[in-house]
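Trainee: Pasting the sequence and the predicted model now:
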Amino acid sequence: MTARGSLAFDEFGRPFVILKDEGSQKRLTGIEAHKSHILAAKAVAGILRTSLGPKGLDKMMVSSDGDITITNDGATILDQMDIDHEIAKLMVQLSKSQDDEIGDGTTGVVVLAGALLEHAEQLLDRGIHPIRVADGYELAAKVAVERLDAIADSYPVDLNNVEPLIQTAMTTLSSKIVNRCGRQMAEIAVDAILAVADLERKDVDFELIKVEGKDGGKLEDTMLVKGVIVDKDFSHPQMPKVVRDAKIAILTCPFEPPKPKTKHKLDITSVEDYNKLREYEKEKFEEMVKQVKDTGANLAICQWGFDDEANHLLLAHNLPAVRWVGGPEIELIAIATGGRIVPRFSELTAEKLGRAGIVKELSFGTTKDKMLVIEECHNSRAVTIFIRGGNKMIIEEAKRSMHDALCVIRNLVRDNRIVYGGGAAEIACSITVSQAADKISTLEQYAVRAFADALEATPLALAENSGLAPMKTMTAIKARQINEKNPWLGVDCLAKGTNDMKAQHVIETLIGKKQQIILATQLVKMILKIDDIRVPGEPQNPY
C-alpha cells in the first residue's frame, strides 16, 4: 500500500485510500526546461515565418467541423491552430495582444519573439545565466525603441490630403489576398475612418463602422455606404421596395396582443368566444399600427417577429416593416438615423423617430437573398463597408484585411508618426543596438548583440519569401545603411528597382513597430525566467 498511497479513516471510521500522483507527473528543470520552451516557440514562429511580407504564403486551416479558413493573418492562424504546449500557447496570446492593441503586425511580432529565443538558446549553451540574457534583452529593447523614435517621420492627418493615409493602408493590405485591388480597399478604409473620427480628441469609435459581406460579385464591387446595411428584407413581398424620406419607428416591442406575465390558461368553449378573441387580437393589432402611423412614421423596424395577421394589417395600412433585426443592428440604425429605441408602443412619439433620405431593398443576381440599405442618414458618422467576393472564404479574409487597415489608420489618427517598412526600421535598430553593445563592459553585452542579430530575422524572412538570397540581400542593405546613413533602405520585395522605402511608399505606424519590439521582449523575458515545468502525466494502472 505504501508504494501507491496510504490508508486513512474518516470521522465515522470508514477507510479510504490517499493515492500519490507525484510519480505520474512529468517534470522538466533547468536547461532542459529552457530548451523545451525555446523549441516550442521556434516551431510556432517557423510556421508563421513564411507568411511574412507582401510575397508571404497563405495557410489553409480546416476545423474539426470541416470549415475551411484561408489566411496569412498571424493572429487568425494561431487562434485556429490546435496547440497543446504551454509556451506555444503564450505565443498565441502574444499575437492576440498585438492584434487587440494595434491590429497589424501579428506575424512579425511572433517571428521576432522566435528569433530572440533562438539566439537566447545559443547564449544559454555558452553558460550565460538566463537572467543576464533577459536583462540584456531589456537594455537592447530600450535602445531599439529610442532609435525608432529618432528615425520616425510624422504625417499630419489632413482631410484635404489623405494620400499618406492611403499609402499606409496599402502597405498593410499588400500582404493580403485583396492586394490586387489594394488602392480601392485602402481608400474605402480611409474614408470610413475619417467619417467617424473625432480629430479634436484624436479618437475613432469602431462601433460606428460595420463590415458586411455577401458572396457573389467581384472584390472590385466592394463599396462604402454612408449609412447602414441590414441583412433583412421587408416583411411582406408586396411592400414597396424603396421608401424615400423615411421616418423610422425603431421598436423593441413585438407586434402581438399583450400577455399576462404570470402563467395563464384560456379555455374557449364556443364559436362566439373564439370570434371575440379574434376580434380582440385584430383590434389590438390595429391599435398598434395606428399608434405607429399617428406619429408620422412610414417605416417600422422591429427587433421581434410578428405573425401573418399583423403582417397583413401592416400592408393594408401602408406601413412597410422589417422584422427580426438583431440588437447591434438596431443600435447602429438608431445612431445613424438619430432615432430612439422604443420599448413600448405607448411611448412612441414623433420626436423619437429616426430619419433617413432613402431606404431600399437590394437583390443579388438570380438568388433570393435580399438586404436593406439605409442611406442619407440624419447622422452621417455611421458607415458600413459592404464587401463582395467570389466565395465565403475570400469575403472572410477580406473582412480580416479590412480590419487590419482600419486599425492602422486609427493608429495614425491617434499618433501620426510613422517608420518605413521592408525591414528598414529593423536593420536601423539592429545597427544601433550592435553599436550600443560595444559600449557595455558587463556580461549583458552578449545578450544585447544577440538582440541586434535577432532583429535581422524580419528582413531575412522578407527577402527569403520574395525569392531573394536572404543573407546577400540583407548584408548589402545593412552596408548601404551604414555607409549612406540612410535608415529608410529596406528589402525590395516587389522588385521595383529601389531599396528606398520612402520612395516606394512602404509605410508602417511607429506605435505598431514599437509595440512589436516591447511585447516580444516582455514575452521572451518571461519564458527565460521559467526553469521548472510540472505537467500531470497519464494515470498509472495500479493492477
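Mentor: Great, that's in hand. Numbering: from 1, shown residues only.
Trainee: List the residues that contact residue 128.
Mentor: Taking C-beta atoms under 8 Å, 6 or more residues apart in numbering, we find residue 128 in contact with 443, 446-447. In short, each C-beta sits where N, CA and C put it, glycine included.
Trainee: next SSE after the worst-scoring helix or strand of the chain on mean pLDDT?
Mentor: Ranked by mean pLDDT, DSSP states H and E, the weakest helix or strand in the chain is strand 26-29, scoring a mean of 71. Following strand 26-29 in sequence order, the next helix or strand is helix 30-49 (DSSP states H and E).
Trainee: got the contact list for that next one?
Mentor: Residues outside helix 30-49 that contact it (C-beta under 8 Å, 6+ apart) are 28, 59, 74, 77-78, 81, 83, 85-88, 90-92, 107, 110-111, 113-115, 117-118, 120-121, 124, 130, 461, 527-528, 530-533.
Trainee: For the nearest residue to residue 455 once chain neighbours are set aside, the count of nearby residues, please.
Mentor: Here the nearest residue to residue 455 in space, its sequence neighbours aside, is residue 430; by C-beta to C-beta, 6 or more residues apart in numbering that works out to 4.1 Å. Using other C-beta atoms under 10 Å, residue 430 is surrounded by 26 other residues.
Trainee: check which helix or strand covers residue 430.
Mentor: If you go by DSSP H and E, residue 430 is part of helix 424-437.
Trainee: can you pull the contacts of residue 211?
Mentor: Counting by C-beta under 8 Å, 6+ apart, the residues that residue 211 touches are 384-385, 387, 399, 402-403.
Trainee: and the residue nearest to residue 455, what pLDDT?
Mentor: We have a pLDDT of 93 for residue 430.
Trainee: Go ahead and confirm it touches residue 448.
Mentor: No - the criterion here is C-beta atoms under 8 Å, and residue 430 misses it with residue 448 at 11.0 Å.
Trainee: can you list residues touching both of those two?
Mentor: Both residue 430 and residue 448 lack any common contact, where contact means C-beta under 8 Å, 6+ apart.
Trainee: could you pull out the strands for the stretch 51-200 of the chain?
Mentor: Using DSSP state E, counting those that start in this stretch, the strands of the stretch 51-200 of the chain run over 59-62, 68-71, 153-154, 197-198.
Trainee: Sketch out the low-pLDDT regions of this protein for me.
Mentor: Counting by pLDDT under 70, the ranges of the chain that qualify are 1-5, 19-26, 257-264, 365-366, 380, 536-543.
Trainee: Phi first, then psi, for residue 239.
Mentor: The phi/psi pair for residue 239 (degrees, to the nearest 10) reads phi -70, psi 150.
Trainee: What about residue 487, how many residues nearby?
Mentor: So residue 487, with other C-beta under 10 Å, has 23 neighbours.
Trainee: er, residue 252 I mean
Mentor: 15.
Trainee: what does residue 284 give?
Mentor: Counted with other C-beta under 10 Å, residues neighbouring residue 284 total 16.
Trainee: before we move on, the earlier item: narrow the contacts of residue 211 to those in strands?
Mentor: Here DSSP state E is the test, and the contacts of residue 211 give 384-385, 387 as lying in strands.
Trainee: Closest one to residue 142 out of these, please.
Mentor: Closest approach between the ones in strands among the contacts of residue 211 and residue 142, by C-beta to C-beta: residue 385, at 39.1 Å.
Trainee: Bridged to that closest one, which residues?
Mentor: According to DSSP bridges, the residues that bridge with residue 385 are residue 211, residue 224.
Trainee: now it: how far from residue 481?
Mentor: 38 Å (C-beta to C-beta, to the nearest Å).
Trainee: Can you give me the buried ones in the helix or strand containing residue 330?
Mentor: Assigned by DSSP H and E, residue 330 belongs to helix 327-337. Neighbour-count burial for helix 327-337 flags 329-330, 332-337 (criterion: 16 or more other C-beta atoms under 10 Å).
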